[in-house]
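In: Model the following, please.
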Amino acid sequence: MTSTESPLFLKQLKQAGNILTFSIFPTNAGGWEVREEAGNEVVRQVRLSDWHRVERARDAFSLKAMSLREAGWVEV
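Out: Model prediction:
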C-alpha cells in the first residue's frame, strides 16, 4: 500500500478459504492505486491519475463483487 489514508474503495470476499480483495487507495504522490488481490497474490495493480479511470475501476470492482456474491461468495 502506498498511503496511510482511508481507502476510496475496499471489498473483501471469501469462499471456501479463498479471499479476493478489491481496493482503491489515494497515493502519497497523488492519484490512486487500484489493486486486485487473490489471497496474498497481486492479480492487478495500477496507479491512475485520471479520476474517470478510477471511477471505471471502482464500477468494475463493484460489478465483479456483486457477481461473486451471487455465486455464493460472502463479504468479509
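
In: Helix or strand: which one has the residue most central in space within the chain?
Out: Most central in the chain under Cα atoms, centre = their mean is residue 22, positioned 1.9 Å from the mean C-alpha point. According to DSSP states H and E, residue 22 maps onto strand 18-26.

In: Can you pull the poorly scored residue ranges out of this protein?
Out: Along the chain, segments meeting pLDDT under 70 span 1-4.

In: so where do the strands sit in it?
Out: 9-15, 18-26, 32-38, 41-48, 74-75 (DSSP state E).

In: Out of those strands, which is closest to residue 68?
Out: Among the strands of the chain, strand 9-15 comes nearest to residue 68, with 5.2 Å by Cβ to Cβ. Where C-beta positions appear, they are placed from N, C-alpha and C, glycine not excepted.

In: quick one: buried residues of that closest one?
Out: 9, 11, 13 (16 or more other Cβ atoms under 10 Å).

In: if we take those, which one ends up nearest to residue 74?
Out: residue 13 (6.6 Å).

In: OK, contacts around that closest one?
Out: Contacts for residue 13 (Cβ atoms under 8 Å, 6 or more residues apart in numbering) come out as 19-20, 65, 68-69, 73-76.
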